[in-house]
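Trainee: Test case, fold it:
(6 chains)
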Number of protein chains: 4
Amino acid sequence: MKFKDESKRLLIIDKTLDLVLLEGVAGLKMAKLAKEVGISPSTLYVYYKNKDALIISIFTDIIKEQTKISKKQLNTDLAYKIKLKTIWRQWLKFSVTNFKEMNFMEQVKQSPYLEKIPTQIITEKQGLSDTLFKVGKEQELLKNIDDEILTSIIGSMLKVSSELIIKNKISLNKKDTDMMFAFLWDAIKN
Amino acid sequence: MKFKDESKRLLIIDKTLDLVLLEGVAGLKMAKLAKEVGISPSTLYVYYKNKDALIISIFTDIIKEQTKISKKQLNTDLAYKIKLKTIWRQWLKFSVTNFKEMNFMEQVKQSPYLEKIPTQIITEKQGLSDTLFKVGKEQELLKNIDDEILTSIIGSMLKVSSELIIKNKISLNKKDTDMMFAFLWDAIKN
Amino acid sequence: MKFKDESKRLLIIDKTLDLVLLEGVAGLKMAKLAKEVGISPSTLYVYYKNKDALIISIFTDIIKEQTKISKKQLNTDLAYKIKLKTIWRQWLKFSVTNFKEMNFMEQVKQSPYLEKIPTQIITEKQGLSDTLFKVGKEQELLKNIDDEILTSIIGSMLKVSSELIIKNKISLNKKDTDMMFAFLWDAIKN
Amino acid sequence: MKFKDESKRLLIIDKTLDLVLLEGVAGLKMAKLAKEVGISPSTLYVYYKNKDALIISIFTDIIKEQTKISKKQLNTDLAYKIKLKTIWRQWLKFSVTNFKEMNFMEQVKQSPYLEKIPTQIITEKQGLSDTLFKVGKEQELLKNIDDEILTSIIGSMLKVSSELIIKNKISLNKKDTDMMFAFLWDAIKN
DNA sequence: CATGAATGAGCCTTCATTCAT
DNA sequence: TATGAATGAAGGCTCATTCAT
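Mentor: Reported below is the predicted structural model:
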């Protein structure tokens, strides 16, 4: 499904993220989006079958991108805590750099659109941290609890941290990210 | 002369929470709500001036209720950690028991309705934890960091915990709530 | 159809005139009217069967009042021009004093309510000036033209004059009313 | 790519005038208008942002048209009375020919819509007659009174005349229009 | 007489989507 | 591919009026 004007598709995605950031998924209007992109509303339908498809497609794109990055990050070989901290920093950096994308994901996840997204896509990313946790527990560095709980706590900590950064309460420098990691580590370490 | 049924107002609130849980704030339709309550759409307008007023009013009601409860909980006199754990349990219990209300609050907070709510109402609750944190830091029991960061972390932990409970990953019993409190305490303790 | 509280009926009429002056017949709302009167909307329906009846009834009342006054004014015995000027002054005074009523009449006359008013009531007043015109033409003091044209011109002049008075461009004193009568007299005199 | 039919806009205007003539501004319903035009209600909103805009736009259009015509009429060079009579005839003809437009103007002028129309637009037309009156007074042909009073009297005479024509009491021929002008001239001449 | 509560009918407006070019 | 025009479906809200007390 390659289009002549692939850059236009990227622009549509970008403006969608902008608008969702400003007015929420529910507030996303096709007409306004088109205007923002600089095309006619009907042209949107050349690129996406309908509004659902637009949102689902962007959602999927972002997930894929995230997965790609996550996979890369795991192939390092460091002491466990350091390794986790490194990954933590990368995630955090990613979250902050791509906060429009993150915002989009969260909004969609708690909107009625979620039901229209193939569950497979949503859960795909999950598997990634499994080995990470397994190792941590084997080395008795992490509390021995359910992976899902760990995932939730880390995810939640990640979200808080990036929100604080975006709200300029803390920054993305070593000192502050380490501080936030300390909270996390203290919480989950054995 | 018929008397306005205060229970009807409560029913409207209840059904609103239900619908928002199911379909989001953006998906809340006055007609559907009315049907759910068992009244005519126009009757809704007898109780609330318009949709905005309905949402804002419920939002405010919940905040007030929360504030009331929080205030009560602070007037205990126990060792700091125990005290915090007690409050934690109460908050958690509240969050789980009233998860429809909590869901409503969160949804509204990241919807365009937020801008229509007097800021005073939103920030009112904030101040409550201040003294709690102050004492914790004075006794060198809590890490010495910004209150807002502490608030964020606790709030986030509370949310994760109640979500896990609602998803039946953990339960509201002493063992599990203590476990979740341990995460929190380890994260913020000095 | 006498009601115990006749004063309340008068109040309803008065407030109706006020509201119609402010917001037009089309803008007249039963609920607002009731509020203005200080009663419940349903109480309005004790006094008038419905909105149409309310408007028609007030319209009719005013016409009757006008007719009564007009009749009195004709039984004088003066030189024709003086007599006409006297009547003119009385009409003008009436129009200005009762400008809320006049406004109501005009608004109703060019609203859809007009069709619901028995034609007999509307035309009733017409006949009054007939003898006046007849005499004027017999004495060759008035241009010899159709009564309806005369009526229209006088009515229109009356309206202009009272509007100018209400807008404070002229006043109700002898000098100004005489001036306006001069315009009229010059227009219709032979 | 379909081209927006300018004739459709004209049709909307025309049907609006028709409906306002029949049922008043207050009785103008978007759905009925659309039906009359032969389009869908939502299509109306392609041409006008909303009902207010529709009414205001038409109002403004008419005023502009009137102003254009009035301006043309003033550039003639005749004896004063003849000139005035010529203008009078043109105005009268305009009023009668465009009586739907005139009706629309009047209705809007005494409706709540008036407040939404830029005052500049309303008063623009006023200035036109000024020089006409000035000349008339300088040549001592007109009574020396306030321009606003003159304007009111002429306007009122114009209205009466066109109403009589429309009601078929008189016609637009030379004899009758001259007669009506005679009333006016006698009223305002020195 | 009086009225608080409730409602049905109706209106304006928005918006995703289609259609013809 | 691109788009201007058109629209059906739906939603929010108003308001005269009725009903039960």
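
Trainee: Rounded mean pLDDT for stretch A:91-105, please.
Mentor: The pLDDT scores in stretch A:91-105 average 93.

Trainee: what does that stretch contact?
Mentor: Residues lying outside stretch A:91-105 but in contact with it, judged by CB atoms under 8 Å, 6 or more residues apart in numbering or on different chains, are A:16-18, A:20-21, A:25, A:58-59, A:62-63, A:65-66, A:69, A:158-159, A:161-162, A:165-166, A:172, A:177, A:180. Where C-beta positions appear, they are placed from N, C-alpha and C, glycine not excepted.

Trainee: among these, which are in helices?
Mentor: Among those, the members found in helices (DSSP state H) are A:16-18, A:20-21, A:58-59, A:62-63, A:65-66, A:69, A:158-159, A:161-162, A:165-166, A:177, A:180.

Trainee: Are any of those buried, and if so which?
Mentor: A:16-17, A:20, A:58-59, A:62-63, A:66, A:158-159, A:161-162, A:165, A:177, A:180 (16 or more other CB atoms under 10 Å in any protein chain shown).

Trainee: So for those, which is the shakiest by pLDDT?
Mentor: The lowest pLDDT within those belongs to A:Gln66, which sits at 82.

Trainee: Can you give me the distance of that residue to DNA strand F?
Mentor: From A:Gln66 across to DNA strand F, the span is 27 Å (CB to the nearest atom of the strand, to the nearest Å).

Trainee: Now name the helix or strand holding the residue nearest to the spatial centre of chain A.
Mentor: Centroid check for chain A by CA atoms, centre = their mean gives A:Met102 as the closest residue, at 4.4 Å. Per DSSP states H and E, A:Met102 falls inside helix A:99-109.

Trainee: buried residues in that helix?
Mentor: Buried residues in helix A:99-109, counted by 16+ other CB under 10 Å: A:Phe99, A:Lys100, A:Glu101, A:Met102, A:Asn103, A:Phe104, A:Met105, A:Gln107, A:Val108.

Trainee: May I have that helix exported as PDB, CA atoms only?
Mentor: Extracted in PDB, the C-alpha atoms of helix A:99-109 (Å, rounded to 0.1, in the frame of the first residue of the first chain):
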ATOM      1  CA  PHE A  99       5.300  12.300  24.100                       C
ATOM      2  CA  LYS A 100       2.700  13.200  21.500                       C
ATOM      3  CA  GLU A 101       2.800   9.500  20.400                       C
ATOM      4  CA  MET A 102       2.600   8.300  24.000                       C
ATOM      5  CA  ASN A 103      -0.300  10.600  24.600                       C
ATOM      6  CA  PHE A 104      -2.000   9.300  21.500                       C
ATOM      7  CA  MET A 105      -1.500   5.700  22.700                       C
ATOM      8  CA  GLU A 106      -2.900   6.300  26.100                       C
ATOM      9  CA  GLN A 107      -5.900   8.200  24.800                       C
ATOM     10  CA  VAL A 108      -6.800   5.500  22.400                       C
ATOM     11  CA  LYS A 109      -6.300   2.800  25.000                       C
END
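
Trainee: Can you report how many residues lie near A:Ile149?
Mentor: Burial of A:Ile149 is recorded as 20 neighbouring residues (other CB atoms under 10 Å in any protein chain shown).

Trainee: Wait, it touches B:Ile165, no?
Mentor: No: if you go by CB atoms under 8 Å, A:Ile149 and B:Ile165 don't touch, sitting 11.1 Å apart.

Trainee: Pull out whichever of the contacts of stretch A:91-105 are also neighbours of chain D.
Mentor: When CB under 8 Å from any CB of the partner chain is applied, no member of the contacts of stretch A:91-105 is adjacent to chain D.

Trainee: Now do the buried residues in the lowest-mean-pLDDT helix or strand in chain A.
Mentor: The weakest-scoring helix or strand in chain A, judged by mean pLDDT, DSSP states H and E, is helix A:119-124 (a mean of 77). Buried residues in helix A:119-124, counting neighbours by 16+ other CB under 10 Å, are found at A:Ile122.

Trainee: Return the residues of chain A in contact with DNA strand F.
Mentor: A:Phe3, A:Lys4, A:Asp5, A:Lys8, A:Ile39, A:Ser40, A:Pro41, A:Ser42, A:Thr43, A:Tyr45, A:Val46, A:Tyr47 (CB under 7 Å from any atom of the strand).

Trainee: What subset of those is buried?
Mentor: A:Lys8, A:Ile39, A:Tyr47.

Trainee: roughly how far out does the helix or strand harbouring the first one sit from the chain middle?
Mentor: Element membership of A:Lys8, judged by DSSP H and E, is helix A:6-23. For helix A:6-23, the distance between its averaged C-alpha position and the chain's averaged C-alpha position is 16 Å (CA atoms, centre = their mean, to the nearest Å).

Trainee: go on, stretch A:40-52?
Mentor: With CA atoms, centre = their mean, you get 25 Å for stretch A:40-52.

Trainee: does any bit of it sit next to chain D?
Mentor: No: contact of stretch A:40-52 with chain D (CB under 8 Å from any CB) is absent, the minimum separation being 9.7 Å.

Trainee: first vs last residue of that stretch, how far apart are they?
Mentor: Using CA to CA, to the nearest Å, the end-to-end distance of stretch A:40-52 comes to 18 Å.

Trainee: And stretch A:101-118, by the same measure?
Mentor: 19 Å.

Trainee: Any idea how far it is from the middle of the chain?
Mentor: With CA atoms, centre = their mean, you get 11 Å for stretch A:101-118.

Trainee: Then stretch A:143-155?
Mentor: Put simply, stretch A:143-155 sits 18 Å off its chain's centre (CA atoms, centre = their mean).

Trainee: If we look just around chain B, which residues of chain A are in range?
Mentor: So chain A meets chain B at A:23-27, A:107, A:110-112, A:145-146, A:148-149, A:152-153, A:156-157, A:159-160, A:163-164, A:169-170, A:179, A:183-184, A:186-189 (CB under 8 Å from any CB).

Trainee: By neighbour count, sort out the buried ones in those residues.
Mentor: A:24-26, A:107, A:111, A:145, A:149, A:152-153, A:156-157, A:159-160, A:163-164, A:170, A:183-184, A:187-188.

Trainee: Output those of these also counted as contacts of DNA strand E.
Mentor: Contacts with DNA strand E are made by none of these, judged by CB under 7 Å from any atom of the strand.

Trainee: Retrieve the pLDDT associated with A:Lys85.
Mentor: A:Lys85 carries a pLDDT score of 92 in this model.

Trainee: What's the local residue count around it?
Mentor: A:Lys85: 18 surrounding residues under other CB under 10 Å.

Trainee: quick one: it and A:Lys174 touch, right?
Mentor: No: using CB under 8 Å, A:Lys85 is not in contact with A:Lys174; the gap is 10.3 Å.

Trainee: Excluding covalently adjacent residues, which one is nearest to A:Lys116?
Mentor: Sequence neighbours aside, A:Asp52 is the residue nearest to A:Lys116 in space, at 5.7 Å (criterion: CB to CB, 6 or more residues apart in numbering or on different chains).

Trainee: and chain A, which of its residues are near DNA strand E?
Mentor: Residues of chain A lying near DNA strand E (CB under 7 Å from any atom of the strand): A:Leu28, A:Lys29, A:Met30, A:Ala31, A:Pro41, A:Ser42, A:Leu44, A:Tyr45, A:Asn50, A:Lys51, A:Asp52.
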